[in-house]
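[1] coordinates only, sequence not included:
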């Protein structure tokens, strides 16, 4: 298992490899990317800031989902911080399980918990010159 | 969009790249792999056979999900045929959408339809010497 927050670009294939275990028949991965638009406004750039506890929180979430979800074999989460360009991966959650239903359900839960519980804030600058902070956690 | 059936190993990263469009904020990928066990029996080897219409059927499924699912930007499906080793990817479904809920729901639907509607049959040989055909479609 891996769960971390990092300023470096996320190596998606590496996370997929980390959860690839022989008993796992199903693997589901989620990639959240910086979009060109958010609620109708054009996005020019985006910066993520994290609280120092973010790494420990990511690990806690991964451990809880791994322990509670039936059939789940492995979990990997990475959230990017710092300035990101349009199209770059901001968060990747990969999960493997014995069966596909288990993998889909656990990955969905993992993504929702990462989005709502990780202490990470997003600062968006729009093409119209305005900007906003979007709180997480 | 791509949807095909092939004897060559599946390049998972290539399918992910195919669905990576600038307006897509969420990407969900499913990888189904040959497992070491199936319903308690050890799997030694596995062979997939397909009907000549399998390529056209994969394309039909991808088109239908793309047309009917809100927010979906792109879809890629590849199903492997021939003899596979334990751990190899048998099927990969990748999807991108504007939002994560849309991506998860459409990917789940896509995988279920591929599993139930593609005319592909699986022949499993078990470590106890027995074997079985598992019908698809």
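    Everything's here; your move. None of the values given here were measured: they were computed from a predicted structure.
[2] Outside of the helix or strand of chain A with the lowest mean pLDDT itself, list whatever touches it.
    Least confident helix or strand, chain A: strand A:37-38 with a mean of 84, by mean pLDDT, DSSP states H and E. For strand A:37-38, contacts defined as Cβ atoms under 8 Å, 6 or more residues apart in numbering or on different chains pick out A:43, A:124, A:126, B:23. Any C-beta I mention is one placed from the backbone N, CA and C, and that applies to glycine too.
[3] Same list, the residues you listed, but as TSV with secondary structure and distance to residue B:82 please.
    Below are the contacts of strand A:37-38 laid out as TSV (DSSP: H, G, I helix; E, B strand; the rest coil; distance: Cβ to Cβ, whole Å):
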residue	secondary structure	distance to residue B:82
A:43	strand	44
A:124	strand	48
A:126	strand	50
B:23	coil	36
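[4] where's the dip in pLDDT among those?
    Lowest pLDDT of these: residue B:23, 87.
[5] Quick check: neighbours of the least confident helix or strand of chain A in the sheet, parallel or antiparallel?
    Looking at strand A:37-38 with DSSP bridges, its partner strands are strand A:41-50 (antiparallel).
[6] and chain A, which residues reach chain B?
    Residues of chain A found near chain B (Cβ under 8 Å from any Cβ of the partner chain) are A:12-13, A:16, A:20, A:22-37, A:86-87, A:98, A:100, A:103-104, A:107-108, A:111.
[7] give me the element residue A:74 is part of.
    strand A:72-80 (DSSP states H and E).
[8] Sheet partners, orientation included, of that strand?
    Partners of strand A:72-80 in the sheet, by DSSP bridges, are strand A:2-6 (parallel), strand A:89-97 (antiparallel).
[9] out of the ones you listed, deepest packed?
    The highest mean neighbour count among the strands paired with strand A:72-80, using mean count of other Cβ atoms under 10 Å in any protein chain shown, belongs to strand A:89-97: a mean of 26.
[10] Once you drop chain neighbours, what's closest to residue A:83?
    Distance criterion Cβ to Cβ, 6 or more residues apart in numbering or on different chains; nearest residue to residue A:83, sequence neighbours excluded, is residue A:47 at 4.9 Å.
[11] hang on, the one you found packs against residue A:80?
    No. Applying Cβ atoms under 8 Å as the test, residue A:47 and residue A:80 come out as separate, 10.3 Å apart.
[12] Looking at the two, which one has more neighbours?
    When residue A:47 and residue A:80 are compared for neighbours, residue A:80 comes out ahead with 22 against 15, by other Cβ atoms under 10 Å in any protein chain shown.
[13] show me the contacts for residue A:41.
    Residue A:41 neighbours (Cβ under 8 Å, 6+ apart): A:126-128, A:130.
[14] Any stretches of chain A with poor pLDDT?
    A:136-137 (pLDDT under 70).
[15] Give me the neighbour count for the nearest residue to residue A:2 once chain neighbours are set aside.
    Once flanking residues are discounted, residue A:2 sits nearest to residue A:76: 4.7 Å by Cβ to Cβ, 6+ apart. As a burial measure, residue A:76 scores 22 neighbours (other Cβ under 10 Å).
[16] Any figure for the gap between the spatially most central residue of chain A and residue A:13?
    In chain A, the C-alpha nearest the mean C-alpha coordinate belongs to residue A:91, at 3.1 Å (Cα atoms, centre = their mean). Noted for residue A:91: a distance of 16 Å to residue A:13, by Cβ to Cβ, to the nearest Å.
[17] mind checking the SS state of the closest residue to residue A:113 other than its chain neighbours?
    Closest residue to residue A:113 apart from its sequence neighbours, by Cβ to Cβ, 6+ apart: residue A:61 at 4.9 Å. Secondary structure, DSSP: H, G, I helix; E, B strand; the rest coil: residue A:61 is helix.
[18] And the one 4 residues further on, by the same measure?
    Secondary structure of residue A:65, reduced to three states by three-state DSSP: helix.
[19] these two touch, right, it and residue A:114?
    No. Using Cβ under 8 Å, residue A:65 is not in contact with residue A:114; the gap is 9.6 Å.
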